[in-house]
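Undergrad: Structure for the following, please:
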Amino acid sequence: MARPLNFHVTAFAVLLAFAAPLAAQDEDVPGAPPEMPTPSADVAAPMPEEEGGRASLDQLFAELAQPEQMGWQRIEDAIWIEWSRSGSAPMDLLLKQGREALERQEYDLAIEHLTALTDHAPEFAEGFNARATAFFQLEMYGLALEDIRRTLDLNPRHFAALTGLAVIMEQMGEEARALTAYQKVLEIHPHRPNVKEAVERLEFTVMGKRI
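TA: Predicted structure coming up:
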């Protein structure tokens, strides 16, 4: 599925009225949207390959989808590492520089690095996903949504981009669309408690409005 959700350009203007970056929400606050998943610090470190080589993404997602998977955080990190491989050392360096700038909250610099990445590697989804985070932090929500769309066009299983889309839709009051996105996240990655809580909360809200 190339585009998990259809959202209109007119929705972009609504996002500009937000007072603070949505990523600042505390995921422990009851009823608050979950934070958008980002790579852990370990993602930048090389992972030892298992005997027979690295697991494929299909294998990793199959393991991640197992309901009783106790090692889901390790698998999630392995997926992030695979997503971070562009196949080009210079492009990988631009992604690394962009992520480091994000960590330092130097969002304009992050956008500079990541725009160079997306310009030179337009088929590399992680460049768009990382840049969406920078736009998001600068409250440039229309651009963030466009980069989320590009990410999902290239990588429909990108649970972080889907979570970001769900968070934005929920904050816009588009509960039904947010619920659809959160449910899609759980189909791919059924282990994050905050996403499960969001689905339960929105199922109650959306069903109540339909009665």
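Undergrad: Secondary structure class of the nearest residue to residue 94 once chain neighbours are set aside, three-state.
TA: Nearest non-adjacent residue to residue 94, counting by C-beta to C-beta, 6 or more residues apart in numbering: residue 117, 4.0 Å away. Heads up, the C-betas are built off the backbone N, CA and C, glycines and all. Put simply, residue 117 is helix when judged by DSSP: H, G, I helix; E, B strand; the rest coil.
Undergrad: and what of residue 55?
TA: Of the three states, residue 55 takes coil under three-state DSSP.
Undergrad: Quick check: residue 200 vs residue 79, distance?
TA: Distance, residue 200 to residue 79, using C-beta to C-beta, to the nearest Å: 25 Å.
Undergrad: Let me know whether residue 61 touches residue 82 as I believe.
TA: No. Residue 61 is beyond contact range of residue 82, at 10.1 Å (criterion: C-beta atoms under 8 Å).
Undergrad: quick revisit: comparing residue 200 and residue 79, which residue is more hemmed in?
TA: Set side by side, residue 200 and residue 79 show more neighbours around residue 79, with 24 against 11, by other C-beta atoms under 10 Å.
Undergrad: contacting residues for that one?
TA: 57, 60-61, 64 (C-beta atoms under 8 Å, 6 or more residues apart in numbering).
Undergrad: so where does it fall, helix or strand?
TA: helix 72-83 (DSSP states H and E).
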